[in-house]
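> Starting from these lines, generate the structure:
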Amino acid sequence: MAIQLYTVRDAMSANPEKTLERLATIGFTGLEIYAYNSTFFGKTPQEFHRILKNTGLRVISSHHITGNFNKGQGTLLYNWEKSVEDLHFIGSEYMVCSYLFPQERNLEDYKKLPELLENSGKVTKEAGIQFAYHNHDFEFEKFDDNRNVYDFILENSSPELVKMELDLYWISKAGIDPLMYFEKYPGRFPLWHVKDMKAGTKDFTEIGNGTIDFERIFKAGKQAGLQYWFLEQDSSDKDIFESICISNEFIAKNRFFLK
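Numbering: from 1, shown residues only. Below you'll find the model as predicted:
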C-alpha cells in the first residue's frame, strides 16, 4: 500500500513525523512525496531518512515542477542534479514532473516540454532513478490542429527516459479511456494515481464511492507496465484520514487492487 502525501498535506505541514507514523499505523508502507526544495518537509535528507527508517516507510516516487514559472530548488530547471542526488540518498525509484501551471500551458512551452522531460530523465537515469510525467486533464485538450499534449509528450520523448504516471481520475474526467493509451503505448505507464470521481459533480471521492471502473483498468495493468500505484484524494467532504480508511476498506475487499 502506498499513498501520495499531498493527500495529507495539512497534516504534513503541521507535523511530518507524526503524520508518517499515523500512515504507517493505518498500513501504508510506500510513499510518493512532494514539495522537495532542498529539504524534505523542512528536514535535511539525513533527518528525513531517519524518520523513514523509524516509521518503516519508504519513498517510491517524488513530485517536482518544471521551474518555468515557479523557479526554485527541486525543479527540473534549477539545480536538478542536487535534487536527484538527494532523492537517490533517500532511496526513491522515481522522480516525476507533477504539474504545469496555467502560465506554462501555451504552444511555445508545450513544444519545449518533451526535450525538457527527456533531459531530466537522462540525469535521473545516471542515478538509477526512472523519470516520469504526471497528468491532469488539460493535457488531453488539443494545443494545435490535431494534437493533444499527452500524445505529443509520448510521441516525442524516449520510452526509456520518460515514463508516464497516469492519474486515473484526471484521464477519466477528461472523458478518455485509459485502456486506449495502454494499447497504443504498452509498458509506458508504470505508476498510477488511484482516486475516484463522484457521479454528477465529478468531485474527488473515496475509492469505491465513485464512478471509475477500477477492476477493468487494473486487469490491463500488465499491458500498461504497472509497477506501483498510489492512493490519492486531493480533497474530501470528510476528515481526510476518515476518507483514507474508507478507501482502504474498499481496496481490502477487492483483491484486484492487491495483485
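> Going by residue numbers, what spans are helices in this structure?
Remark: helices assigned in the chain by DSSP state H are 9-14, 16-26, 45-55, 80-89, 107-126, 149-155, 168-173, 178-184, 214-218, 221-224, 240-253.
> Who are the packing partners of the third one?
Okay, so that is helix 45-55. Helix 45-55 sits against helix 16-26, helix 80-89, with contacts defined as 3 or more Cβ pairs under 8 Å, 6 or more residues apart in numbering; DSSP states H and E. Glycine gets a C-beta too; all of them are placed from N, C-alpha and C.
> same for the shortest one, what does it pack against?
Right, helix 80-89. By 3+ Cβ pairs under 8 Å, 6+ apart, helix 80-89 packs against helix 45-55, strand 58-64, strand 94-97, helix 107-126.
> could I get the ones you listed as TSV with distance to residue 236 and mean pLDDT?
TSV is the format used below for the helices and strands packed on helix 80-89 (distance: least, Cβ to Cβ, whole Å; pLDDT from 0 to 100):
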stretch	distance to residue 236	mean pLDDT
helix 45-55	23	98
strand 58-64	20	98
strand 94-97	23	99
helix 107-126	31	97
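> could the ones you listed go into JSON lines alongside mean neighbour count and distance to residue 39?
JSON lines is the format used below for those (neighbours: other Cβ atoms under 10 Å; distance: least, Cβ to Cβ, whole Å):
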{"stretch": "helix 45-55", "mean neighbour count": "16", "distance to residue 39": "8"}
{"stretch": "strand 58-64", "mean neighbour count": "22", "distance to residue 39": "13"}
{"stretch": "strand 94-97", "mean neighbour count": "24", "distance to residue 39": "16"}
{"stretch": "helix 107-126", "mean neighbour count": "17", "distance to residue 39": "19"}
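> Quick one, which of the ones you listed gets closest to residue 22.
helix 45-55 (9.4 Å; Cβ to Cβ).
> check contacts around the nearest residue to residue 219 once chain neighbours are set aside.
Take residue 219 and drop its neighbours on the chain: the residue closest to it by Cβ to Cβ, 6 or more residues apart in numbering is residue 256, 7.0 Å away. By Cβ atoms under 8 Å, 6 or more residues apart in numbering, the contact list for residue 256 reads 214, 215, 218, 219.
> again, only this time at 10 Å
214, 215, 216, 217, 218, 219, 221 (Cβ atoms under 10 Å, 6 or more residues apart in numbering).
> which of the residues you listed has the most neighbours?
The residue in the contacts of residue 256 with the most neighbours, by other Cβ atoms under 10 Å, is residue 217 (23 neighbours).
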